[in-house]
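Trainee: Next input, structure requested:
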Amino acid sequence: MKRPDQIKSAPDQEMGGRVPPGQFLSKKFPVLTYGSSPEVDLASWNLRVYGLAHRPLVLDWPQIQGLDWTVVTADFHCVTQWSSLDNTWEGVPFATVVSLAEPHEEAKFVMVHCYGGYSTNLPLDLAMAEGLLAHKQDGQELGKDHGWPLRLIVPSRYGWKSAKWVKGIELIAEDAPGFWERRGYHMSGDPWKEERFWPELTR
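Mentor: Below is the predicted model of the structure:
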């Protein structure tokens, strides 16, 4: 029997092509996390941007608040096959923060580091184009379990790329696997291509 929070994926024309293959719609936004949710103190919290940067920087919470914030409405697709449409996220554009660090020309990728030992990799141009360091979801501050005070949102990739509890952005020249990528998840994670796992595991 179908769970009450699941809605069968509608035909592509009915959903305007918004539900990737292999996904179902969820009325809820489940909590899925590696490990326990960390206790973060905003008084000592900071965000570090480093690696291949001309101006490495460390921003505390008042400095993050002083940047230009924006609101983005986007769909969210989890690798565990649920999708949530029209989520409203509020925060600081990834590009706003990283541009302050003045990336080197050879910086082509980023490794996003989080509390609890989590990390995930992304192409720098993708993160700059659509990444958001979100503090609110649907008008409310993120709960601790959803990544407060900041989580990265990358709508065009599976949700494991939208890392919670971000504390560091490392600019790197060559792609490298993060936490789940080292454990069999795809390096890119495009839901429209169903890039869930290493290609060798799906043959």
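
Trainee: Setting aside sequence neighbours, what's the nearest residue to the most centrally placed residue in the chain?
Mentor: In the chain, the centroid-proximal residue (C-alpha atoms, centre = their mean) is Ser162; its distance is 1.4 Å. Nearest residue to Ser162, sequence neighbours excluded (C-beta to C-beta, 6 or more residues apart in numbering): Ile153, at 5.0 Å. (Each C-beta comes from the backbone N, C-alpha and C, glycine too.)

Trainee: Around the one you found, how many other residues sit close by?
Mentor: Around Ile153 sit 24 other residues, with neighbours defined as other C-beta atoms under 10 Å.

Trainee: Identify the bridge partners of it.
Mentor: Judged by DSSP bridges, the bridge partners of Ile153 are Leu132.

Trainee: Verify the contact between it and Trp89 for me.
Mentor: Yes: counting by C-beta atoms under 8 Å, Ile153 touches Trp89, with 5.1 Å between them.

Trainee: Give me the common contacts of the two.
Mentor: 72, 74, 132, 134 (C-beta atoms under 8 Å, 6 or more residues apart in numbering).

Trainee: The helix or strand hosting the first one: how far from the chain's middle?
Mentor: Element membership of Val72, judged by DSSP states H and E, is strand 70-77. Its chain's average C-alpha position is 11 Å from that of strand 70-77, according to C-alpha atoms, centre = their mean, to the nearest Å.

Trainee: and that strand, what other elements does it pack with?
Mentor: strand 82-93, strand 132-137, strand 151-153 (3 or more C-beta pairs under 8 Å, 6 or more residues apart in numbering; DSSP states H and E).

Trainee: This completes my enquiry, with thanks.
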